[in-house]
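# can't give you the sequence, but here's the structure:
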């Protein structure tokens, strides 16, 4: 993306790229729900939620790219589109150089093995009727039908050890574990296939503070030891600051800023990013003045014209409500989609 | 001067088939007019039970099994329900975590707010509506007259929480207990709600008990705080003191384990293990199996909550 050399990243090998992806959901319901009276005529009207709009992003090997944003901004949808759980309406997704968004189930299999996902709620994402052994065994056997039982056993023990769950507990069911331990098991399930790329959707949001640190350490260690690449979805900005190489900020289905993590937390440029960062409650600081946004988040059903943020932005002018800003590279290496930043209209 | 609210050696017990479970034990604190206090702890530490106990909302098989709660000089923990109803929701209000669960989805905002007023005041509809509108304005709801006839689903999460705050303000309570009021909301909205609560405490001279797991929020909003662990207060005092120089190893661990304290990418401090189940509290200090600086005495004797050098109270045998 950037043409500046970047010594912080191990390589510039792109592992996954998302090109102009759009994902809309039709929520109009059945035919009768779609019928509306307008000007005395019966009209059929469809309602769509525009969850992800024209998002372009690439993830380099070995980095942790965090996607942040408030609820409903489309970050989880983006993660699911990347994983192939939702087909995009348009746009392409490449894994290394292979296009993966239009693959048949069978052709997708080798990629599924390399891409794994960790979900938010470890109470919902583990099958309550399966023992840890069964949960970890299933993906192994499915993707490696030729694997013999001894190697399966060995692999399971190894992964359980690595995530810090005693392999002797493999016969236990999820309800016998605490929330933190369950999340470790979910991580084990993702790691058991030796993936290259992991999508983690709010993996620590459901956990208590002291457990959250344990899981973040585990994810960071696994990332280092195995050379993993993470796409990390979260709304918790202090977590983002701690673990990310780069950060992408989303608002109403659109990317507004993509920057190196250190750069973003010092010099955020997009007005929305600034407001978001100023709202984080920091321990030890007496109430700093946070940037107040005007109004409310519009619904993704009726997106505003132009820049999706213009209605709430203090720097907005006529151009902002007419023209959609494009992600543009700045000297700092950050990418920002904002007319005000581009024109130098925003106050430093 | 006596305090607005005094909680003394409060104990709440749940009588389960397997035996009594002591949910909170020996919890004491005070709250003055206009004072903001935080109660922090992890899930299961007893912070919500403390909040419920104050307004006597502990339902069976639980009961307040010890201690006193003195509000405005009057003992309220043993009041009959008919008397307690005159205080609950009237003089002491409570705000809960999920605004969608607190509001009834099939009634308009207006109906629900008026109902609250009618329950506590003998008041005409016209006067009641006037108060409702005034409070909605106070929580910065734009054009409240139009909003009265709308249903909860027509509001965003942040607006709903504001409506709940407005409802809790209707009777001009002396104390608001807010149990994780912003946990379900986004950070930008959280910041607005916290601003609002703080503003109201100042303008209405209202006491606030903020129950949360978020140390960042507590450190920005409250003047004093209590840290709970396994049903007990293990450290309490001025928020700025505790946050900058925590005394109890558990509080220290909690603060150290927050991302954002260390340099990015560094290994986060982790408190080993997890909070014990309330039925299996270890002997001595409840935290001792997880404590990295424990001594012999810690697994034998329970440390009392005493004043430490820095002025805060902490329940720890160790000097520093």
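Arrived safely, thanks for sending. Treat the numbers as computed from the prediction; the structure is a model and nothing was measured.

# Please count neighbours and contacts with C-alpha atoms only from this point.
Fine.

# Is residue B:208 part of a helix or strand, or is it coil?
strand (DSSP: H, G, I helix; E, B strand; the rest coil).

# Quick check: it vs residue B:198, distance?
Noted for residue B:208: a distance of 9 Å to residue B:198, by CA to CA, to the nearest Å.

# which of these two has more neighbours?
residue B:208 (28 against 20; other CA atoms under 10 Å in any protein chain shown).

# just checking, that one touches residue B:202?
No - using CA atoms under 8 Å, residue B:208 makes no contact with residue B:202, being 10.3 Å away.

# pLDDT weak spots in the chain?
By default, I'm working from chain A. For chain A, the stretches flagged by pLDDT under 70 are A:1-11, A:284-288, A:346-348.

# switch to chain B, that's the one I care about
For chain B (pLDDT under 70), the answer is B:1, B:319-320.

# hey, where'd the helices end up in it?
B:47-54, B:81-84, B:99-102, B:109-120, B:125-138, B:144-147, B:157-169, B:187-204, B:215-221, B:239-244, B:249-256 (DSSP state H).

# so which of those helices comes closest to chain A?
helix B:215-221 (4.2 Å; CA to the nearest CA).

# ok, back up a step: can the helices of chain B go into TSV with extra columns for distance to chain A?
TSV is the format used below for the helices of chain B (distance: least, CA to the nearest CA, whole Å):
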stretch	distance to chain A
helix B:47-54	14
helix B:81-84	34
helix B:99-102	15
helix B:109-120	19
helix B:125-138	15
helix B:144-147	15
helix B:157-169	9
helix B:187-204	5
helix B:215-221	4
helix B:239-244	6
helix B:249-256	6
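
# Which one of the ones you listed lies nearest to residue A:73?
Closest of the helices of chain B to residue A:73 is helix B:187-204, at 13.3 Å (criterion: CA to CA).

# circling back to that earlier point, how about the helices of chain B in TSV, adding distance to residue B:25?
Shown next, in TSV, are the helices of chain B (distance: least, CA to CA, whole Å):
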stretch	distance to residue B:25
helix B:47-54	10
helix B:81-84	22
helix B:99-102	28
helix B:109-120	32
helix B:125-138	37
helix B:144-147	44
helix B:157-169	28
helix B:187-204	29
helix B:215-221	22
helix B:239-244	22
helix B:249-256	18
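
# circling back to that earlier point, shared neighbours of residue B:208 and residue B:202, anything?
When contacts are counted by CA atoms under 8 Å, 6 or more residues apart in numbering or on different chains, residue B:208 and residue B:202 have residue B:34 as shared neighbours.

# What's the end-to-end length of stretch B:41-59?
22 Å.

# If you count neighbours, what's buried in that stretch?
B:41-51, B:53-58 (16 or more other CA atoms under 10 Å in any protein chain shown).

# if we look at it, which residues are touching it?
Here stretch B:41-59 makes contact (CA under 8 Å, 6+ apart) with A:208-209, B:12, B:23-24, B:39-40, B:64, B:69, B:77, B:84, B:87-88, B:92, B:177, B:179, B:211-213, B:227-232.

# got it, and stretch A:121-134?
So stretch A:121-134 is contacted by A:119, A:135, A:156, A:169-175, A:179, A:182-183, A:185-186, A:203, A:206 (CA under 8 Å, 6+ apart).

# let's see 10 Å
The contact list for stretch A:121-134 (CA atoms under 10 Å, 6 or more residues apart in numbering or on different chains) reads A:118-119, A:135-137, A:152-153, A:156-157, A:160, A:167, A:169-189, A:201-207.

# Quick check: phi and psi at the residue of the stretch 1-150 of chain B found nearest chain A.
Nearest residue of the stretch 1-150 of chain B to chain A: residue B:42, at 5.9 Å (CA to the nearest CA). The phi/psi pair for residue B:42 (degrees, to the nearest 10) reads phi -90, psi 170.

# And for the closest residue to residue B:212 other than its chain neighbours, the neighbour number?
Using CA to CA, 6 or more residues apart in numbering or on different chains and skipping residues adjacent in sequence, the residue nearest residue B:212 is residue B:180, 4.8 Å away. Neighbour count for residue B:180, taken as other CA under 10 Å: 19.

# isn't residue B:180 right next to residue B:215, touching?
No - in this structure, residue B:180 is not within contact of residue B:215 by CA atoms under 10 Å, at 11.7 Å.

# In the stretch 51-200 of chain A, what residue lies closest to chain B?
residue A:70 (5.8 Å).

# so what's the backbone phi/psi at that residue?
Taking degrees, to the nearest 10 as the convention, residue A:70 sits at phi -90, psi 170.

# List the contacts of it.
Residue A:70 neighbours (CA under 10 Å, 6+ apart): A:234-236, A:249-252, A:276, A:297, B:185-189.

# Okay, it and residue B:157: tell me how far apart.
12 Å.

# One more: residue B:307?
41 Å.

# Same drill for these two, tell me which one is more crowded.
A count of neighbours by other CA under 10 Å puts residue B:157 above the other of residue B:307 and residue B:157, at 19 against 14.

# how much space between the closest residue in space to residue B:105 that isn't next to it in sequence and residue A:294?
Of all residues not flanking residue B:105 in the chain, residue B:152 sits nearest, at 5.7 Å (CA to CA, 6+ apart). Counting by CA to CA, the gap from residue B:152 to residue A:294 is 21 Å.
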